[in-house]
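*Asks:* 3D model of this:
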Amino acid sequence: MKKLLIGAAVAALAAFGASAQVMPASGVENTLWTGLGSPFSGDAKYFGFVDTLQARVDVGKFTVEGMLNWGALSYWDVDDDFDRLKFENTSTNALNRHYNDKDNDGEYKNTLNYKNYSNAIKSQTEQDSYYVNFLWHPVNNFDFGMGTKLNWRVGPAPTYGSWVWGSDAHIRQGGFSTAYNDKPGEAYKHFTPDAPGSADVVGFVHYANTYAKKAIGARYNYQGDFGLQIGAAIPDGADTDSPVMNLGVELRPVDWLSIATAYEGLLQKRGDFYAGVTVGAKSFILDAYFACDNIASDYDDDMAFGTGAGITFAFPKVGITIRPEAGLNWFENSSWTPAWYAGGLFKFDINEKMILQAWTSFAVGSKDKDWDDYDATEDWNGGHIFDIRPEFTFCLNKNNSLSAYIDIESRKSFDGKTRDCWTTGFFWTYKMYTGKLTVAKKR
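*Replies:* Numbers count the residues shown, from 1 in each chain. Next comes the predicted model:
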């Protein structure tokens, strides 16, 4: 796969990728975002600014990388008049701001009067407000690491397209609401499937292929005529009374094939299993993946399963890349119906300086079949989500680019409550690398 996947298809996918570390080489990246938006039923509000500054330094056998995410965020008074800008180290980003507006969240909070149900939107698009990673490379291809976002991963999984602070980030798995925080810097905790009725549209399933997030770990990672990664990590939150370890393995036996597996929660009764495969050719890359969460649990209704695939077609002569993606999630609880999503990304390199791309997706949530037995809930279903996000990028030079986008999202909750919103804004992205770039791995 080295020759094929690092060829034209991977070149076209460069905008979609992140390296095995958060940054692909020594250097500095800075992303400045500003934007505004509104529910369709309300007036537009300015969100303020968010600046994400990253740096990586490689010195001898050591690597240090870090990030700070600072915002000058807009706050509005009770009369919807602009009140102030507040400076803070924040987890806010452009992707979640349109339904995570702190001063207009009445539009997105629960409107049901049922004790055990909520049609509120629960974002799964938060980012870390900072990260710090330290790595030691005692010999070639071997790493010891500790950090708050190591980002050691194997195999493919449902994508955000980019890091959530990136200009080309889009929603994941169709935008399902979930109480699980799946940001890579999150400390270890069990994934519990979201019950239908716990949020507006649920059905999210966790993929455990990022085996080292906020953790201390070691890995062997050889990429030559063949590829082999074997890694283990102790996640933040483990202790001697409740030990836990995560494992990841990826093998590339030939140029066109990569196979990966991971297990999150070894030594615990509730573990998460992952398997994935990538098959490459000159003009396409096929990713397929499977997740099984809460294996060997003491409960008989908390397992969750997910499977999906994405295929990337690259046409470098005309500068076009197309990636359809789809996934199906189902649950051990027999009363919960499966959830599914389908989406696609289109990217067109107009010329060396201008790029046009767009993401769109549609997701259908999980329903509790017991709702059919009661008059008050017999019309409830799993709800659905539609999202579309076109973007235009202009590359000023090799280091700077400007991007403009609009994101339109329509969410219909399980009880029929509809929420439509839009956001638009601008990104200024600066990148300067002083070291050798590593091969990108798809998010």
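*Asks:* thinking Tyr433 is in contact with Gly27, fair?
*Replies:* Yes: between Tyr433 and Gly27 there is a contact at 3.6 Å, judged by CB atoms under 8 Å. All C-beta atoms are positioned from the backbone trio N, CA, C, and that covers glycine.
*Asks:* The two: which has the busier surroundings?
*Replies:* Gly27 (19 against 15; other CB atoms under 10 Å).
*Asks:* give me the beta-bridge partners of the more buried one?
*Replies:* Arg56, Tyr433 (DSSP bridges).
*Asks:* Quick check, central residue of this protein?
*Replies:* Tyr160 (4.0 Å; CA atoms, centre = their mean).
*Asks:* what about that one, which SS state?
*Replies:* Per DSSP: H, G, I helix; E, B strand; the rest coil, the local secondary structure of Tyr160 is coil.
*Asks:* That one is in contact with Gly175, isn't it?
*Replies:* No: using CB under 8 Å, Tyr160 is not in contact with Gly175; the gap is 10.9 Å.
*Asks:* Any idea which helix or strand in this protein has the lowest mean pLDDT?
*Replies:* Least confident element among the helices and strands of the chain, by mean pLDDT, DSSP states H and E: strand 17-18 (a mean of 38).
*Asks:* If I look at the most far-flung residue of the chain relative to its centre, what pLDDT would I see?
*Replies:* No residue in the chain sits farther from the centre than Asp375, which is 38.3 Å out by CA atoms, centre = their mean. As predicted, Asp375 sits at a pLDDT of 92.
*Asks:* What distance do you get for it to Ser413?
*Replies:* Distance of Asp375 to Ser413, given as CB to CB, to the nearest Å: 19 Å.
*Asks:* The stretch 151-300 of the chain: strands as residue ranges?
*Replies:* 152-153, 210-212, 215-223, 227-235, 245-254, 257-266, 271-280, 284-295 (DSSP state E, counting those that start in this stretch).
*Asks:* can I get those strands in a markdown table with mean neighbour count, distance to Gly197 and mean pLDDT?
*Replies:* A markdown table is the format used below for those (neighbours: other CB atoms under 10 Å; distance: least, CB to CB, whole Å; pLDDT from 0 to 100):
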| stretch | mean neighbour count | distance to Gly197 | mean pLDDT |
| --- | --- | --- | --- |
| strand 152-153 | 28 | 33 | 96 |
| strand 210-212 | 26 | 29 | 95 |
| strand 215-223 | 19 | 34 | 96 |
| strand 227-235 | 20 | 30 | 97 |
| strand 245-254 | 20 | 31 | 97 |
| strand 257-266 | 21 | 27 | 96 |
| strand 271-280 | 21 | 24 | 96 |
| strand 284-295 | 20 | 20 | 96 |
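*Asks:* Asn96 is nearest to which of the ones you listed?
*Replies:* Nearest of those to Asn96, taken as CB to CB: strand 210-212 at 19.3 Å.
*Asks:* so what secondary structure elements neighbour the closest one?
*Replies:* Packed against strand 210-212 by the contact rule (3 or more CB pairs under 8 Å, 6 or more residues apart in numbering; DSSP states H and E) you find strand 152-153, strand 227-235, strand 245-254, strand 257-266.
*Asks:* remind me which residues of this protein are low pLDDT?
*Replies:* Where the chain drops to pLDDT under 70, the residues are 1-20, 99-107, 438-443.
*Asks:* how about the helices in it?
*Replies:* Using DSSP state H, the helices of the chain run over 2-5, 8-12, 94-97.
*Asks:* who's in contact with the nearest residue to Pro338 once chain neighbours are set aside?
*Replies:* In space, and not counting its chain neighbours, Pro338 is closest to Trp330: 4.1 Å by CB to CB, 6 or more residues apart in numbering. Under the criterion of CB atoms under 8 Å, 6 or more residues apart in numbering, the neighbours of Trp330 are Ala304, Phe305, Gly306, Trp336, Pro338, Ala339.
*Asks:* How about the contacts made by the residue nearest to the centre of the chain?
*Replies:* Tyr160 touches Leu95, Thr125, Ala169, His170, Ile171, Arg172, Arg443, counting by CB under 8 Å, 6+ apart.
*Asks:* Against Gly185, how distant is Val64?
*Replies:* Counting by CB to CB, the gap from Val64 to Gly185 is 16 Å.
*Asks:* For those two, indicate the residue with more neighbours.
*Replies:* Between Val64 and Gly185, Gly185 has the larger neighbour count (other CB under 10 Å), namely 25 against 15.
*Asks:* Let me see the contact set for the residue nearest to that one when sequence neighbours are not counted.
*Replies:* Nearest residue to Gly185, sequence neighbours excluded (CB to CB, 6+ apart): Asp128, at 3.8 Å. With contact taken as CB under 8 Å, 6+ apart, Asp128 is in contact with Met67, Asn69, Ser91, Thr148, Lys149, Lys183, Pro184, Gly185.
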